Each structure stands twice: as C-alpha cells, then as structure tokens.
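Asker: with the input below, show me the fold.
(one chain, ligands or ions: 1)
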Amino acid sequence: MHDIIIIGGGVVGTAIARELSKYRLKIAILEKEVEIAFGVSKSNSGIIHPGTQNKSNSLKGKLCVEGNKLVRKLAKKLGIDFKEVGQLIVAFNQEEIERLKEIKKEGELLGIKKMKIVFRPWLAVNEPNLNPEIIAALLVPSAGIISPYRMAYDLSENAAKNGVEIYTDCEVTNIKKDKYFEIESKLGVFSSRYIINAAGLFADDIARMAGIKDIKIKPRKGQEFLLDKKKENITNHLIFPLPSQTSKGTLVIKTSDGNPMIGPTAEEVEDKYDLSTDESGLAQVISSVKRLVPSINPKDIIAYFAGLRPVSGEDFIIREEKSVKRFINVAGIQSPGLTAAPAIALYVSKLLKTSGLKFKRKLNFKPFRRKTIHLFQSDKKLMKKIISKNKAFGDIVCRCELVSRAEIEAAIERGAKTMDGIKFRTRAQSGRCHGGFCTTRIMRILSEKLNIPLNEISKRGGKSGIVVKERG
Ligand SMILES: Cc1cc2nc3c(=O)[nH]c(=O)nc-3n(C[C@H](O)[C@H](O)[C@H](O)COP(=O)(O)OP(=O)(O)OC[C@H]3O[C@@H](n4cnc5c(N)ncnc54)[C@H](O)[C@@H]3O)c2cc1C
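Answerer: Numbering: from 1, shown residues only. Have a look, this model is predicted:
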C-alpha cells in the first residue's frame, strides 16, 4: 500500500515526487513510457519564464513567478544547468510601447522585479542583430534557460535517492475506489491512499477513470526549429514579440545546450499523438522571427520537432476533487508548466496537508545531487583534468556534440534504456549528423551495459526498434 501514487513522470510529476520525498511517505511514480520525460516535458522551449504575459490573478502566473525563484535553488542543489539570460519583448511603434507598459504593470502585480523599458540606443549596443525597426523593448532580467529533460531526470534521480519508487512502461488503465484507490496498470495493481494525476496530455483520461468528467485536454501544437551551434550568439537575450491571446508568440530562443531555437507555433489540433512538423509551420516561424532578427537563415536549421501543450481552459487546474476525495488533479499544465513545476509541487504538498494527510519530515532527506559531467560544457583545462582521472572521457563517441563513452555509460547507469534516453541525457546524436556517426557505437554500449541483444534496442521503446536481427 502506497500513501501516494503519482501518475505521470514528466517534469511536473517528478517535481512533485522530489518535493514529497522530503517526508516519511511511501510514494511511487507510474509512467507509461519506457523512460521518464518522454511526454510534453521533452519537447518545449526550455525557458524559465519570469511570469510576464500571464494575468496577475491567474494561478499559472503566480506559480510561474514562484517557480522562477525555486528553479534557481533547485538547480544549485541538483546540479541542473540554469542560466539567467533575460528576455526582451519588443515594440515597433508607440502603440506597442503602450502595450509593453501594460505588460510591465501586470508583471509588477505578480511580483516580477527589475523590469524596465529600453530604447534603440540600448538595443543597438546590447542586441546588435535585432531588427533596427524595433524602437523599444521590455527587458525582463529574471528570464532564464534550462535543459527541460535534464531537469526532469535530475529531479527523478534525487526523488529515487530519497525513496520514491519509479515504475516506467507502466501505463495506468483503470482506477477503482473503495476504502483506498486500486490502480490497474500494465505492471499490475497498485493500492494507494492518494492519487496525484500529473498525466499531461492524458490527464483528462486519467480523471475520467476516477469518474471526473469535467476536464478536457485540448492539445495546442508548437513546432520548433533548432539552429546550428555556430549561431549560438545570434542574440544575447530571449527575444519575444508582443503576445497574442493564445500564445507568447514566435520567439528567438537561447537554449542551455547552445543551439538557438526558433518557434513555437500555436496550432489547435485534435490528435494527442500529432507531433508532425510541416512546411507551413516552418514558413510561419521563419517569417515571424525574421521580423525580430532579420539575419536568421533557414539554412542554419539542423533539426525540428513539435510538442503539444496540454491545454484545458486558460489556467492550470490543480485541486483535490470534491466528488472523489484524496484524488488530486494537476491538469491543463500548459506553458509555463516547466517553470512552474517546483511551485506546483509545493502547492500540491499544501493541498495534501489541507486534505488531512499527516506527514513528517525525514531526518535523512538528501537534498543534493552530484552535477553530471558534460564535456561539451567544460573548458580545455577542465577537460584535461577529467580525462586524466578517467580515460573513458577521452573516448569520444559523438563527435558533433563531444560526448564520451564515460558520459554514455553514466547515463545508462542513471536509467537510460533507449537511444532517446541517451540523447536527452547526454546530447549524443543531437548534432549536425543526427547520429550518423555515433548511432551504432551507442547501440553497442547500450547492448553491453544492459546485457540485451542489439535488436532489442529501440529509439524510444514500443515499436521503435532499430535493427531487425542481429547477425550471429
Ligand atoms: C512547444 C512547447 C513549448 C513550451 N515551452 C515552455 C517553456 O519554454 N517554458 C515553460 O515553462 N513551459 C513550456 N511549455 C510547457 C511545458 O512543456 C509543460 O507545461 C510541461 O512539460 C508539462 O509537464 P507535465 O509533467 O505536466 O507533462 P508531461 O511531460 O507530458 O508528463 C506527463 C506524463 O504522464 C504520462 N502518462 C500519460 N498517461 C499515462 C497513463 N495512462 N499512465 C501512466 N503515465 C501516463 C506521459 O507519458 C507523460 O510522461 C511548452 C510546451 C510546448 C508544447
């Protein structure tokens, strides 16, 4: 019997698990994919939003501002790369400057600090590639960037170290409630006193299993396009246009791995599995970002992907259900869900307390995690030191992104089972050659370390196998 079962191992589920792992509770995460963070949390812009562009009375606005503060503390404790790069929301005319003033005012109500409107002379010095027709911008220094999947992995590792059980390839198929919840899954039946539904795009399906019918998740697709690392410094800040009703607009994004990104689109779609990208998405993104930074060239695009925002109305839905006591929905976690995740976790912890769950702090809670070594983030001197201690760091497997055998083996020891699991943890296969050089080597390392034949290695589990048959 568990005290709490969290359904969904995205950044929200893992943040909740890590927060609750501070207490003497028996907790498990049930995740349907073969690895953590294979849902919405793997395909987003990686921005730690400051909270602007949210209504001051919205839950998501409040949790975003709080999350922005909490992420920094978590990043330090768990060794997650976080950079405060700042954001510029730009204006082309006086009317748009008036909009910036409104956004600033709304942001101040939410408690966002140090915002100021900067004008052309400042922009010319600090953001020289910006369209010279941009006359002013709202500078919001507290905006930052993070690796979204590494954030989820590092949260889950620390949660596991503090006793949280993590079950992957464990789709929840039905929920029954008597005195306790009985949760039917691919790995059998789990019993629990509480359920936290953090199932992202599928939170409505999980809610329905418990008899809650008023949540409907509507996916909103965002197509994103990654540029070559050589364009890393095309901008110094995150560049935003003025927001629309449904989105923060199409952005020029700095990423924690160096490749700038352009996007996302905002398209209402019906299919929760529609992760397609297309020519019209690309054309729309290119024309929008060229208005911000005219030198952006489609020839520099090296990869693209789409993610689906789990939208259910305008705001996040985080509540204990009156009709199903001890069932907590964490649904409609669209953007800025990555930013808000640690604040959502605290909010859920408070909900559990008010619902009557009694929990005491663990005396042996381990708040820290050793930072993962990434050669691509190290300067030459540090690299030399790392390699002199462990020669496997000198055995380079992915040349584009400078990833060594030691990093790949460490990723497997930390839970990677698939090619994507390796990619998200280490960046191997993310460069210009898209794994043309390193795929077979990584497969061999996976095969050796996991002691499975090559034909059981997949891109991301399920039917995504890579080789049909291994020759004897
Ligand atoms: C294009 C795009 C850009 C974005 N940019 C940003 C940004 O820059 N900053 C920001 O703050 N936010 C951003 N977001 C929002 C952010 O990505 C999400 O809010 C966040 O990732 C949601 O996390 P989650 O854990 O709720 O969902 P998920 O990561 O989807 O996790 C839910 C998990 O539940 C699992 N699951 C589903 N059904 C079941 C079942 N039956 N049984 C077991 N498990 C199940 C899924 O497999 C999944 O892993 C963006 C989103 C998109 C799409």
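
Asker: rest of the way, CA atoms for contacts and neighbours
Answerer: Noted.

Asker: show me what contacts the residue sitting nearest the centre point of the chain?
Answerer: Per C-alpha atoms, centre = their mean, the C-alpha nearest to the average position across the chain is that of residue 148, at 3.1 Å. Contacts for residue 148 were tallied using C-alpha atoms under 8 Å, 6 or more residues apart in numbering; they are 11, 41-42, 44, 46, 338.

Asker: swap the cut-off to 7 Å and go again
Answerer: 41-42, 46 (C-alpha atoms under 7 Å, 6 or more residues apart in numbering).

Asker: and residue 291, how many neighbours?
Answerer: 16 (other C-alpha atoms under 10 Å).

Asker: can you tell me the element it falls in?
Answerer: Assigned by DSSP states H and E, residue 291 belongs to helix 279-292.

Asker: after that helix comes which helix or strand?
Answerer: Next along from helix 279-292, by DSSP H and E: strand 301-311.

Asker: partner strands of the helix or strand following that following strand, parallel or antiparallel?
Answerer: Sequence order places strand 317-320 as the next helix or strand after strand 301-311, per DSSP H and E. Using DSSP bridges, strand 317-320 pairs in its sheet with strand 327-331 (antiparallel).

Asker: list of residues touching the partner strand?
Answerer: With C-alpha under 7 Å, 6+ apart as the criterion, strand 327-331 contacts 194-198, 200, 203, 316-321.

Asker: buried stuff in the helix or strand following that strand?
Answerer: Using DSSP H and E, the next helix or strand after strand 327-331 towards the C-terminus is helix 337-354. For helix 337-354, a neighbour-count test (16 or more other C-alpha atoms under 10 Å) marks 337-346, 348-349, 351-352 as buried.

Asker: near the ligand too, which of these?
Answerer: 337-339 (C-alpha under 6 Å from any ligand atom).

Asker: make a markdown table from these and add pLDDT to it.
Answerer: Listed next are those as a markdown table, based on pLDDT from 0 to 100:
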| residue | pLDDT |
| --- | --- |
| 337 | 98 |
| 338 | 98 |
| 339 | 98 |
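
Asker: quick check, nearest of the contacts of residue 148 to the ligand?
Answerer: residue 41 (3.4 Å; C-alpha to the nearest ligand atom).

Asker: and for the closest one, the neighbour number?
Answerer: 26.

Asker: which strand or helix spans residue 408?
Answerer: With DSSP H and E as the test, residue 408 turns up in helix 405-413.

Asker: show me what that helix is in contact with.
Answerer: Under C-alpha under 7 Å, 6+ apart, the answer for helix 405-413 is 392-393, 395-397, 422, 425-426.

Asker: of those residues, which belong to helices?
Answerer: 422, 425-426 (DSSP state H).

Asker: so residue 78 touches residue 368, yeah?
Answerer: Yes - counting by C-alpha atoms under 7 Å, residue 78 does reach residue 368; the two are 5.4 Å apart.

Asker: the two - which one has more neighbours?
Answerer: Comparing residue 78 with residue 368 by other C-alpha under 10 Å, the one with more neighbours is residue 78, at 19 against 14.

Asker: grab the nearest non-local neighbour of the more buried one.
Answerer: With sequence-adjacent residues excluded and distances taken as C-alpha to C-alpha, 6 or more residues apart in numbering, residue 78 is closest to residue 369, at 4.5 Å.
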